[in-house]
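Chemist: model this:
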Amino acid sequence: MDGYPKTVRVRGGLDLIVRPLEKKDFEELHRFFGTLPDGERLFLREDVTQREVVQRFIDELDYARTLPLLGLTGGRIVGNATLHRTRRGWMRHVGEVRVVVSREAQRHGVATALVRELCGQAITLGLDKLVAMVAQDQVGALLCFERLGFGREATLKSHVTDLAGQKRDLIVLANHTAELWHRMEDLILDREFQVEQ
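Modeler: Predicted coordinates for the structure are as follows:
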């Protein structure tokens with residue numbers, strides 16, 4: 001993973017270190033997931049408070065299949081974003097983006113910075129399209145992706161069951177990588193955040 005770690009200055013003058021997840025990050029990643037409010041963990045695909053779930057993430061690290069990027073401040077993880085892809089088949093040109101940010105780091109542009117990095121990686125990997133799947137109640141995540149230029153492509157009724165057992169609609173958002181990259185450039189020109197060389 002050339003070019004990492006890198007420092008990105010986000011809103012509020014916060015310096016965010018961005019780098020791929022490594023095997024040494026188990027304890028800090030488990031701590032990060034444990035700090036997420038219950039309301040936000042409800043919508044994650046797995047119960048990330050379980051050590052065995054986080055250990056599996058670490059044990060199965062394969063950047064060619066799933067690229068997990070961390071955002072850190074002061075040595076603490078404040079954001080985690082992943083790019084998932086299938087290398088064969090009819091959806092090999094599509095990547096799925098997932099992102100979660102700690103409560104204290106929200107509204108600083110951390111999600112934007114991490115998704116921008118994933119977009120750059122997606123282009124390098126030859127992906128044409130990125131999708132995000134968000135539960136209907138994840139208003140902050142919906143606004144974040146829409147602000148980045150992702151458009152709603154589908155709403156799947158009662159498609160997901162959250163960790164509390166409630167069925168929820170799933171909203172599928174998508175954007176083409178070239179369009180997304182231009183949107184990211186606009187955000188940089190608007191000085192929302194800047195990459196330090």
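Chemist: can we go C-alpha only for contacts and neighbour counts from here?
Modeler: Will do.
Chemist: which helix in the protein runs the most residues?
Modeler: In the chain, taking DSSP state H as the definition, the longest helix is helix 110-124.
Chemist: Sort out which residues of it are buried, please.
Modeler: Within helix 110-124, the residues scored as buried using 16 or more other C-alpha atoms under 10 Å are 110-122.
Chemist: What is the least confident helix or strand in the chain?
Modeler: Ranked by mean pLDDT, DSSP states H and E, the weakest helix or strand in the chain is strand 194-196, scoring a mean of 51.
Chemist: Output the below-cut-off pLDDT ranges for the protein.
Modeler: Along the chain, the parts satisfying pLDDT under 70 run over 1, 42-43, 180-197.
Chemist: go with 80
Modeler: Low-confidence segments of the chain (pLDDT under 80): 1, 38-45, 87, 140, 162-164, 178-197.
Chemist: any chance you could map the helices in it?
Modeler: Ranges of helices in the chain, per DSSP H, are 26-35, 38-41, 51-59, 110-124, 139-147, 177-189.
Chemist: among these, which is nearest N80?
Modeler: With distances scored as C-alpha to C-alpha, the stretch of the helices of the chain nearest to N80 is helix 110-124 (7.8 Å).
Chemist: Show me what stretch 110-121 is in contact with.
Modeler: 8, 10, 16, 18, 69-71, 79-83, 97, 99-101, 144, 148, 177, 180-181, 184, 193 (C-alpha atoms under 8 Å, 6 or more residues apart in numbering).
Chemist: chain center to that stretch: distance?
Modeler: Put simply, stretch 110-121 sits 8 Å off its chain's centre (C-alpha atoms, centre = their mean, to the nearest Å).
Chemist: May I have it exported as PDB, CA atoms only?
Modeler: This file holds the C-alpha atoms of stretch 110-121, laid out as PDB (Å, rounded to 0.1, in the frame of the first residue of the first chain):
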ATOM      1  CA  VAL A 110     -13.500  12.200   8.600                       C
ATOM      2  CA  ALA A 111     -15.900  10.100   6.500                       C
ATOM      3  CA  THR A 112     -15.300  12.400   3.500                       C
ATOM      4  CA  ALA A 113     -11.500  12.000   3.800                       C
ATOM      5  CA  LEU A 114     -11.700   8.200   4.100                       C
ATOM      6  CA  VAL A 115     -14.200   7.800   1.300                       C
ATOM      7  CA  ARG A 116     -12.000  10.000  -0.900                       C
ATOM      8  CA  GLU A 117      -9.000   7.700  -0.200                       C
ATOM      9  CA  LEU A 118     -11.200   4.600  -1.100                       C
ATOM     10  CA  CYS A 119     -12.300   6.300  -4.300                       C
ATOM     11  CA  GLY A 120      -8.700   6.900  -5.300                       C
ATOM     12  CA  GLN A 121      -8.000   3.200  -4.600                       C
END
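Chemist: wait, doesn't R65 sit right on T86?
Modeler: Yes. Assessed by C-alpha atoms under 8 Å, R65 is found in contact with T86 at 6.6 Å.
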